[in-house]
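Novice: Sequence first, then the predicted structure, then my questions.
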Amino acid sequence: MSTKILIIGVWMIVNLMIVSGFDEASYENSMEVSPNQFSLYWNVYPELNVIKLALKAKTTGWVGFGIGEPTSGSMPGADVMIAQVFSDGQTTISDRYTLEKEEPLIDDCQNWVIIDGIEEDGWTIVEVKRELVTGDVQDRDIVSGNNKIIVAYGSTDDINYHQFRKASGAVFFGENRNDLLEDIKKRDDVEYFDVFNRDYNVPQKLTQYLDVQIEFELEEDVHIIAFEHIITSGTIDIVHHFLLLGGPEYDILKQSQLWGWAPGIEAMVLPEEAGFRAGPSEGSIKIFTMQTHFDNRNLQANLVDNSGVRVYYTKNLREYDAGVMMLGDAIVTNPGNITGSQTFEYTCPEECTSQWEHEIVVFQDFLHMHEIGQRMWSSIYRNDTFIGGLNKIDFWDFAFQQQTPKNITLRPGDRIHTHCEYYTDDTTYFGQGSTDEMCIEYISYYPKLEKGTTCAYAYLSNLGDFSTCGTSILFVDNPKSHDVAFATSTFAESEEDEEDEECDAEVPEIPTAQEEDPNLSEITESSTATAGDNLGDRKEKLQTTITVFIIVGVLVVFLIVLGIGSIVCS
């Protein structure tokens, strides 16, 4: 009898002594960025200007998290944090930034603060916090809404190239998220059709592209109002991205890009006033093409993909038809070539936009170059005065092409300049091939214009340079813009005379569930310290541990006395 009591007592003691340093339930939000490999947990405290993050990666090496380049989400131009949990339990963290695809540079100011770090059963878990807006030019703001993120991890604590151990996506950091797609799905007038890869056997090779086309047959016109990605669970880690195009013919050169998806990109819902017209009428979309890029880095075999796009439409036509217009070198006819570092500029001239029947609202913009692109931006001029940017990517990455939501009004008579900056050690020509270059900007807008398919540069050997305006040709000069201020990025440009003491992270303490007053005093902590030095964050855990050991001690004494008593009585 006494033996059983002692065994039960020991079992209770062991369970009481297990005090985990990481509690998933304490986080309101989570996301599996890379399936079964990397998860992200977070709480946002907008009243304190603070975010608390937990990174959980299947590794015993370093782990990294970054806010990507705002438009593309790429690694170049990202604000990065790298953490290491060593075998002795020490945790370090470094605030960094990237300008190229190389090891991130260390920030002048360290703004991330360690809360805790552990290694457990082959997983590394690191908890950190930072101000949402630090005011540091080497940091990206963490906005209330969608944020482009990148994650990576190493096989050891030595910070070196991550190889395939990486992922990217978009995360909604904020409150009051309005799920427009769910509202669409609940409506009785909404139907859908699918453009899927039907039982496609993915080759056992690094890169593969696939085009799938379907004809959408209807007896009457409809408005397409939303797009949703459906990804096969078994291929979720190799579907790099896909694009959906649509037009009146099978020729993809006569189709326009409607939507694009990459990991982390959410469903697209068009403005309530507009929809893409599809159906039997002239000029309506009848053929859809989905282009999928598979990235099978581990050369996995026997993978079957059925991923694709679910297209939602309504027979209740909306007030406006939506359209897609191409700017830049829309039909890729620039006869020149690229050597070294060069910037090309193409104009949508006011002589074209003055022919528009009405002003338009741009609700989406997509910038497109190929491999040697460096930066791309577009500018709006009204009455020869620069009024603002249409879109911009400061750090171009061909693997991170994103459609950017917009709400910009363009008027007849406006002028739009599209700029593309390149760098190559060789000579590259413009063309349709993947090794050639392009400079095209797609804008989705409403109401649809009669001559709203192109407003762009073009060249023919017998005509020279000219502009296309829908189906018309305009021989006009393309005045150069002077919007260098909009083109220039201030990211990672710090003040040389900045004092070190000004760089200490000042992150407010995060209230626990027991604290009723959220207005806590600020604390100053150095982000380069170890986790063991961050006593402010460990105070509650320390108190809990002490309490547990007191209880365990009392329980041990009780069991000993009980055991001795049992032996005496026997």
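Specialist: Structure's in. What do you need?
Novice: Going by C-alpha atoms from here, please, whenever you check contacts or count neighbours.
Specialist: Fine.
Novice: Pull the contacting residues for the closest residue in space to Thr471 that isn't next to it in sequence.
Specialist: Residue nearest to Thr471 in three dimensions, not counting chain neighbours: Lys451, with 6.9 Å by CA to CA, 6 or more residues apart in numbering. Neighbour list for Lys451: Trp356, Cys469, Gly470, Thr471 [criterion: CA atoms under 8 Å, 6 or more residues apart in numbering].
Novice: residue boundaries of the helices in the stretch 401-550 of the chain?
Specialist: Shown for the stretch 401-550 of the chain, the helices assigned by DSSP state H, counting those that start in this stretch span residues 484-487, 535-569.
Novice: If you average pLDDT over each of those helices, which is lowest?
Specialist: Here the lowest mean pLDDT among those goes to helix 535-569, at a mean of 49.
Novice: pLDDT on the host helix or strand of Leu327, on average?
Specialist: Using DSSP states H and E, Leu327 falls within strand 323-328. Averaging pLDDT along strand 323-328 gives 93.
Novice: The helix or strand following it pairs with which strands, parallel or anti?
Specialist: Downstream of strand 323-328, the first helix or strand assigned by DSSP H and E is strand 337-348. Sheet pairing here is set by DSSP bridges, and for strand 337-348 it gives strand 415-429 (antiparallel).
Novice: got the angle for the strand it pairs with vs strand 323-328?
Specialist: Going by axes from the mean of the first three to the mean of the last three CA atoms, to 10 degrees, strand 415-429 is angled at 60 degrees with respect to strand 323-328.
Novice: For strand 415-429, which outside residues touch it?
Specialist: Contacts to strand 415-429, defined as CA under 8 Å, 6+ apart, come from residues 327-328, 335-350, 353, 369, 372-382, 435-437, 439, 441, 481.
Novice: Please apply the same query to stretch 145-155.
Specialist: 33, 38, 57, 59-75, 160-162, 165-174, 177, 264.
Novice: do that again at 7 Å, thanks
Specialist: Applying CA atoms under 7 Å, 6 or more residues apart in numbering, the external contacts of stretch 145-155 come out as 59-68, 70, 73, 75, 162, 165-174.
Novice: for that stretch, what is the average pLDDT?
Specialist: Rounded mean pLDDT across stretch 145-155 is 90.
Novice: Return the set of buried residues in it.
Specialist: Asn146, Asn147, Lys148, Ile149, Ile150, Val151, Ala152, Tyr153, Gly154, Ser155 (16 or more other CA atoms under 10 Å).
Novice: and the strand holding Leu327, what does it pack onto?
Specialist: strand 337-348, strand 440-446, strand 455-460 (3 or more CA pairs under 7 Å, 6 or more residues apart in numbering; DSSP states H and E).
Novice: re earlier: what would the buried residues of stretch 145-155 look like in a markdown table with distance to Lys254 and secondary structure?
Specialist: Listed next are the buried residues of stretch 145-155 as a markdown table, based on distance: CA to CA, whole Å; DSSP: H, G, I helix; E, B strand; the rest coil:
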| residue | distance to Lys254 | secondary structure |
| --- | --- | --- |
| Asn146 | 32 | strand |
| Asn147 | 33 | strand |
| Lys148 | 31 | strand |
| Ile149 | 34 | strand |
| Ile150 | 35 | strand |
| Val151 | 37 | strand |
| Ala152 | 39 | strand |
| Tyr153 | 43 | strand |
| Gly154 | 45 | coil |
| Ser155 | 47 | coil |
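Novice: Name the nearest residue to the most centrally placed residue in the chain, ignoring sequence neighbours.
Specialist: For the chain, the residue nearest the mean C-alpha position is Lys148 (2.7 Å; CA atoms, centre = their mean). Closest residue in space to Lys148, ignoring its immediate chain neighbours: Ala170 at 4.4 Å, by CA to CA, 6+ apart.
Novice: And that neighbour, which helix or strand is it part of?
Specialist: Applying DSSP H and E, one finds Ala170 within strand 166-173.
Novice: ok, that strand: who's next to it in the sheet?
Specialist: Short version: by DSSP bridges, strand 166-173 pairs with strand 145-153 (antiparallel).
Novice: Off-centre distance for the strand it pairs with?
Specialist: Put simply, strand 145-153 sits 6 Å off its chain's centre (CA atoms, centre = their mean, to the nearest Å).
Novice: before we move on, what about stretch 443-454?
Specialist: 27 Å.
Novice: residues contacting Leu270?
Specialist: Counting by CA under 7 Å, 6+ apart, Leu270 makes contact with Ile225, Ala226.
Novice: The helix or strand harbouring Thr292: which residues count as buried?
Specialist: Assigned by DSSP H and E, Thr292 falls within strand 287-295. Judged by neighbour count using 16+ other CA under 10 Å, the buried positions of strand 287-295 are Ile287, Phe288, Thr289, Met290, Gln291, Thr292, His293, Phe294, Asp295.
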